[in-house]
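> I'd like to go over a predicted model; first the sequence, then the structure.
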Amino acid sequence: MTADLYRELRLAGVDQFSVSLDFPDERHDDFRSYPGLYRHLEDLIPRMARLGYDDIVLNSCITSENLHEIGAIADKAREWGVNLCYSSYSARRTGCRDLLPESPEQIAALNEYLDRIEARRDGTNWIVNSKSTLDATRRYFENSGIPGCKAGHRFLVVTADGALQPCSMQFHRYSLEERRRMIDEFTAHNACDQCYVSIRSYLDKSFPQLLWENVRGFFSVKV
Ligand SMILES: C[S@@+](CC[C@H](N)C(=O)[O-])C[C@H]1O[C@@H](n2cnc3c(N)ncnc32)[C@H](O)[C@@H]1O
Ligand code: SF4
């Protein structure tokens, strides 16, 4: 990514840029096995943010390795002038539970850090996850899963070769015309509770709740 590419992509119609950040320093390079990556982001992202389009979001996947850093990652987003979206590690993607916070100590620490994040919210979109999403994130880690997934119905994946899948971790493939069949065959019987990644956390909510969370700011309703 470069500042020129950023401008070109905006001209082509891209209106949100998600940048993964796992640590607020060079540990990001180690975690990603990509030397120099953090330094590149540290140089580039504040420069892009200063252009003022407010379309850059850091995506930070909470794992057992970085859960102690989630406050510092929020500080980094603020320092760089961008927003932050927390996401949750799923062992379903990797087949490895080592990075899944599961022990009582890890869960207690995570809850404490999330309490601190809640206390620091301001009127901006700095932390883009709503409180209800972060509350559900806590439940996901506490219970090592969260039921009620509506993959295929409320969201889906279009693969590079033009097929539909309910999500990127369920390899049931349908043609573009078969969405209804995907819902009937997959979503209606889906018992998988093994992720709470951003797309699911945004879209599993009921329509009234989504409406409430997204429009109340426009009416300055205090709750
Ligand atoms: C699947 S990745 C694709 C984007 C990019 N290639 C990357 O690796 O960051 C989208 C987001 O999912 C996160 N992610 C990676 N592995 C994950 C896992 N096992 N569970 C949940 N999120 C994961 C990444 O950190 C990233 O922010
Ligand atoms: S919980 Fe839903 S979105 Fe997540 S892996 Fe399972 S089916 Fe896919």
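Arrived safely, thanks for sending. Ligands and ions are numbered 1, 2, ... in the order given.
> for residue 40, which non-adjacent residue is spatially closest?
residue 1 (7.9 Å; C-beta to C-beta, 6 or more residues apart in numbering). C-beta here means a position set from N, CA and C on the backbone, and glycine is covered the same way.
> the one you found: neighbouring residues, count only.
Other residues lying near residue 1 total 13 when counted by other C-beta atoms under 10 Å.
> again with residue 59
There are 16 residues near residue 59, going by other C-beta under 10 Å.
> how about residue 61, what does it touch?
Neighbouring residues of residue 61 by C-beta atoms under 8 Å, 6 or more residues apart in numbering: 20, 22, 86, 87, 88, 89.
> buried subset of those residues as a ChimeraX selection?
Filtering the contacts of residue 61 down to the buried ones (16 or more other C-beta atoms under 10 Å) takes a single ChimeraX command:
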select :22,86,87,88,89
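> closest to ligand 1 out of the contacts of residue 61?
Closest approach to ligand 1 among the contacts of residue 61 (C-beta to the nearest ligand atom): residue 20, at 3.2 Å.
> just list whatever residues bridge to that closest one.
residue 59 (DSSP bridges).
> thought it was touching residue 63?
No: under the criterion of C-beta atoms under 8 Å, residue 20 makes no contact with residue 63, lying 11.9 Å away.
> what parts of the chain come near ligand 2?
Proximity of the chain to ligand 2 is confined to 92, 149, 151, 166-167, 169-170, 190, 192-195, 200 under the rule C-beta under 6 Å from any ligand atom.
> now do the longest helix belonging to the chain, average pLDDT.
In the chain, assigned by DSSP state H, the helix with the most residues is helix 104-120. Mean per-residue pLDDT for helix 104-120: 98.
> buried residues in that helix?
Those would be 106, 107, 109, 110, 113, 114, 117, for helix 104-120 by 16+ other C-beta under 10 Å.
> same thing with stretch 70-78?
Neighbour counts over stretch 70-78 (16+ other C-beta under 10 Å) mark 70, 73, 74, 76, 77, 78 as buried.
> hmm, it in reach of ligand 1?
No: using C-beta under 6 Å from any ligand atom, stretch 70-78 never reaches ligand 1; the gap is at least 11.8 Å.
> how about residues contacting the lowest-mean-pLDDT helix or strand in the chain?
In the chain, the helix or strand scored least confidently by mean pLDDT, DSSP states H and E is helix 207-215, which has a mean of 84. The contact list for helix 207-215, computed with C-beta under 8 Å, 6+ apart, reads 130, 132, 203, 205.
> ditto for stretch 86-103
With C-beta under 8 Å, 6+ apart, stretch 86-103 has contacts from 59-65, 67, 70, 107, 110, 127, 129, 134, 137, 140-141, 144, 168-169, 192, 194-198, 201.
> check which residues of that stretch are buried.
86, 87, 88, 89, 90, 91, 92, 99, 100, 101.
> which of those sit farthest apart?
Largest separation among those by C-beta to C-beta: 86 and 92, giving 18.2 Å.
> now this structure, which segments are flagged as low pLDDT?
217-223 (pLDDT under 70).
> 90 instead, please
Along the chain, the parts satisfying pLDDT under 90 run over 123, 198, 202, 204-223.
> which bits of it sit near ligand 1?
Checking the chain against ligand 1 by C-beta under 6 Å from any ligand atom, the hits are 20, 59, 61, 87, 89, 90, 93, 94, 197.
> okay, and which of those residues map to strands?
20, 59, 61, 87 (DSSP state E).
> good, we can wrap up now.
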